[in-house]
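Participant: Generate coordinates for the sequence data below:
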Amino acid sequence: MEVRESDLKGVLVLKPPTLYEDFRGSYVETYNRRIYRESGIDVDFIQDDISVSHRNVLRGIHGNQDTWKLISCLSGKFYLVVLNWDPSSPQFKQWQGFTLSEHNRLQVLVPPKFGNGHLVLSEQAIFHYKQSTDYDRSSQFTLFWDDPELKIWWPSRDPILSKRDRGEAHAA
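Facilitator: Numbers count the residues shown, from 1 in each chain. Below you'll find the model as predicted:
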């Protein structure tokens, strides 16, 4: 398994331990607790989630104070933004973009106090993440994808957004 640091302290980019392709297709081992722990990732993941979206859908930027996330792309391709939202960090409000796809099979480990959002680049994409806490909408923060102070670059200027991500009150 390959593990490398990103520009954001605490955010890691991973190449899963087993990738195999032949004339039949491909096989990927997306998680193995023993191998990940031997590689320094000692997070107790308790929940897996999947979202399926079509081209130009932007989900996020969401996060909370307690949750680790291990993000991967099962199918398609998306642009992932990870943003440091820890006011005590010297990298507060800094962000980095990553392209994850069914072809590169990269994963991104996102620590607590970071937000993440993704924009679908393919006709459809399946976004998968493991998380270290139960989902609790009330504990999450939402940051606007186009906040002028954050200056986040996205490959689209007119994405499809949920009510929550447009800032409409009481949105799910």
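
Participant: CA atoms for contacts and neighbours, from now on please.
Facilitator: Fine.

Participant: Any stretches of the protein with poor pLDDT?
Facilitator: Applying pLDDT under 70 to the chain flags the ranges 169-172.

Participant: Next, name the residue at the spatial heart of it.
Facilitator: In the chain, the C-alpha nearest the mean C-alpha coordinate belongs to residue 71, at 4.5 Å (C-alpha atoms, centre = their mean).

Participant: how far does the helix or strand hosting that one sit from the chain's center?
Facilitator: In the assignment (DSSP states H and E), residue 71 maps to strand 69-75. Remark: strand 69-75 is offset 7 Å from the chain centroid, using C-alpha atoms, centre = their mean, to the nearest Å.

Participant: Let me see the ranges of the helices in the chain.
Facilitator: Counting by DSSP state H, the chain has these helices, from start to end: 33-38, 163-166.

Participant: Once you drop chain neighbours, what's closest to residue 102?
Facilitator: Distance criterion C-alpha to C-alpha, 6 or more residues apart in numbering; nearest residue to residue 102, sequence neighbours excluded, is residue 75 at 4.9 Å.

Participant: beta partners of that neighbour?
Facilitator: With DSSP bridges applied, the residues forming beta bridges to residue 75 are residue 126.

Participant: Great, nothing more from me.
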